[in-house]
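[1] Here is a sequence together with a model predicted from it:
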Protein chains: 2
Amino acid sequence: MARHPALESDAPLARAAPRRRLAVDDRRRELLGACLELIGTRPWDEVSMADVASAAGASKPLLYHYFPTKSDLYLAAVRAAADELRAATTPAGDLPPRLALQRGLTAHVDWVDANADAYRAVLQGGLSSDPRVHAIIEESRADVVARLAHGFGLQRVTPAQRTVLRGWVGFLEGACLDWVQRRDVPKSRLVRILAASVAALAPVARA
Amino acid sequence: MARHPALESDAPLARAAPRRRLAVDDRRRELLGACLELIGTRPWDEVSMADVASAAGASKPLLYHYFPTKSDLYLAAVRAAADELRAATTPAGDLPPRLALQRGLTAHVDWVDANADAYRAVLQGGLSSDPRVHAIIEESRADVVARLAHGFGLQRVTPAQRTVLRGWVGFLEGACLDWVQRRDVPKSRLVRILAASVAALAPVARA
């Protein structure tokens, strides 16, 4: 049986995304978004710069203009994702602590929900072995530890307290990774579990 | 300046480990031990079969006899490590629950202490992106979840309860990874933190 000629051509993968002119920042953001989406869907070794350009509806030279190497690209994508997650989960300053925590956890789970593949790939995939990616992940974790310490009213964090707080970051990641894999718990229930785990561990951190 | 001829030869790296005849099981165990040690010290891509043979004081053909490919070797090493950790942390059946937990956590931390580099490499390194390695890690986590559920007296584990238990496995990993990196908390204190976190989360898991 003859195959349709289009299937045998070297046409870009994503015909659906036409090339458009965008402001520099928007274009950069779009390229990073396309990269982050592809990071999650298959092993990063198998993703080419052409794939990313195509998925973003951009030309390959334009992608190389912004990101000279594939490693520049994924590092920027992971950095952008970490910044986005941080911004999304930063509570407004004037909320009572319990409500701030609730909002922050809801935003965290929403972000994980919307970026599930990338979340798994960055935390569990081969990328995590790149020391620069690892450094970004560790920075994000330290940021959550610092916020939690603040929420717990700890002025100075002892090594033992930091161990508890870093442990809770592991709880957050473990529960979220389990959730994106199975999705057999309602999102609101996951948020309640996370909030309950913070409350339960607060006395351990303060001890 | 002339270099010593021996420095320019293709001599094996580890002269210090002489080749010896061992029983099949012992020999296999030694090869896996050497592999696990090397997994932790540098990126796995940079480790050759010759390095592993040399570190174990074995010949390369012998190593290939046991493990036809490098991927057979590291999979077997990760599997052996998971089995060893499980065996080390399996409590004797007749202990009261609190003491069994205490003993299990102590054995866990002792194992992490003795295999710190490999622990970090397997959980955070490039190996974790291999689906077969990932499957072994997930199996170990599921085993800890099952033991915890048993310890909590849960007959049937609901998805929400599993999320809490899986979250605690993340707590365990997060706290242990933090500890092997900094070692600024006494080992006995880490064990107490882990035990306290289990006790604190028990009501959340039973809810």
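    Okay, I see it.
[2] so where's chain A uncertain?
    Residue ranges of chain A with pLDDT under 70: A:1-22, A:126, A:128.
[3] After whatever helix or strand A:H108 lives in, which helix or strand is next? Please name it.
    Taking DSSP states H and E as the criterion, A:H108 maps to helix A:97-114. Using DSSP H and E, the helix or strand that follows helix A:97-114 in sequence is helix A:116-124.
[4] Now do stretch A:60-79: everything it contacts.
    Under the contact criterion Cβ atoms under 8 Å, 6 or more residues apart in numbering or on different chains, stretch A:60-79 has outside partners A:27-28, A:31-32, A:35-36, A:39, A:44, A:49-50, A:52-53, A:56, A:122, A:127, A:130, A:132-133, A:136-137. Any C-beta I mention is one placed from the backbone N, CA and C, and that applies to glycine too.
[5] those helices in chain A, which residues are they?
    Shown for chain A, the helices assigned by DSSP state H span residues A:5-8, A:24-41, A:49-55, A:60-66, A:70-89, A:97-114, A:116-124, A:131-151, A:159-182, A:187-206.
[6] Show me what the last one is in contact with.
    Residues external to helix A:187-206 that are found in contact with it (Cβ under 8 Å, 6+ apart): A:101-102, A:105-106, A:108-110, A:113, A:148-149, A:151-152, A:154, A:161, A:164-165, A:167-168, A:171-172, A:175-176, A:179, A:185, B:160, B:163-164, B:167, B:193, B:196-197, B:200-201, B:203-204, B:207.
[7] Can you go through those and name the buried ones?
    With neighbours counted by 16 or more other Cβ atoms under 10 Å in any protein chain shown, the contacts of helix A:187-206 contain buried members at A:101-102, A:105-106, A:108-109, A:148-149, A:151-152, A:154, A:161, A:164-165, A:167-168, A:171-172, A:175-176, A:179, A:185, B:160, B:163-164, B:167, B:193, B:196-197, B:200-201, B:204.
[8] so who does the residue nearest to A:G40 when sequence neighbours are not counted touch?
    Nearest non-adjacent residue to A:G40, counting by Cβ to Cβ, 6 or more residues apart in numbering or on different chains: A:D117, 2.4 Å away. The contact partners of A:D117, taken as Cβ under 8 Å, 6+ apart, are A:E37, A:I39, A:G40, A:T41.
[9] between those, which is nearest chain B?
    Nearest to chain B, judged by Cβ to the nearest Cβ, of the contacts of A:D117 is A:I39 at 11.5 Å.
[10] neighbours of the closest one, just the number please.
    Other residues within reach of A:I39, judged by other Cβ atoms under 10 Å in any protein chain shown, total 26.
[11] Pretty sure it sits against A:V122.
    Yes: using Cβ atoms under 8 Å, A:I39 is in contact with A:V122, at 7.1 Å.
[12] For A:V78, see how far away A:L32 is.
    Taking Cβ to Cβ, to the nearest Å as the measure, A:L32 falls 9 Å from A:V78.
[13] The two: which has the busier surroundings?
    A:V78 (27 against 23).
[14] if I look at the more buried one, how far off is B:L95?
    45 Å.
[15] before we move on, the earlier item: so what does the helix holding A:H108 touch, helix or strand wise?
    Identification of packing neighbours for helix A:97-114 by 3 or more Cβ pairs under 8 Å, 6 or more residues apart in numbering or on different chains; DSSP states H and E yields helix A:70-89, helix A:131-151, helix A:159-182, helix A:187-206.
[16] Tell me which residues are up against that helix.
    With Cβ under 8 Å, 6+ apart, helix A:97-114 has contacts from A:84-85, A:88-92, A:95, A:119, A:147, A:151, A:172, A:176, A:179-180, A:187, A:190-191, A:194-195, A:198.
[17] quick revisit: narrow the contacts of A:D117 to just the buried residues.
    Applying 16+ other Cβ under 10 Å to the contacts of A:D117 flags A:E37, A:I39, A:G40 as buried.
[18] can you redo those residues as JSON lines with distance to B:F67?
    JSON lines is the format used below for the buried ones among the contacts of A:D117 (distance: Cβ to Cβ, whole Å):
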{"residue": "A:E37", "distance to B:F67": "37"}
{"residue": "A:I39", "distance to B:F67": "31"}
{"residue": "A:G40", "distance to B:F67": "32"}
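[19] May I see the contacts of A:D117 organised as a markdown table, with distance to B:K60 added?
    Listed next are the contacts of A:D117 as a markdown table, based on distance: Cβ to Cβ, whole Å:
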| residue | distance to B:K60 |
| --- | --- |
| A:E37 | 43 |
| A:I39 | 37 |
| A:G40 | 39 |
| A:T41 | 39 |
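[20] winner for burial among the helices and strands packed on helix A:97-114?
    helix A:159-182 (a mean of 23; mean count of other Cβ atoms under 10 Å in any protein chain shown).
[21] That one near chain B anywhere?
    Yes: contact between helix A:159-182 and chain B, assessed by Cβ under 8 Å from any Cβ of the partner chain, occurs at A:159-160, A:162-164, A:166-175, A:177-179, A:182.
[22] Who are the packing partners of that helix?
    Helix A:159-182 sits against helix A:97-114, helix A:116-124, helix A:131-151, helix A:187-206, helix B:159-182, helix B:187-206, with contacts defined as 3+ Cβ pairs under 8 Å, 6+ apart.
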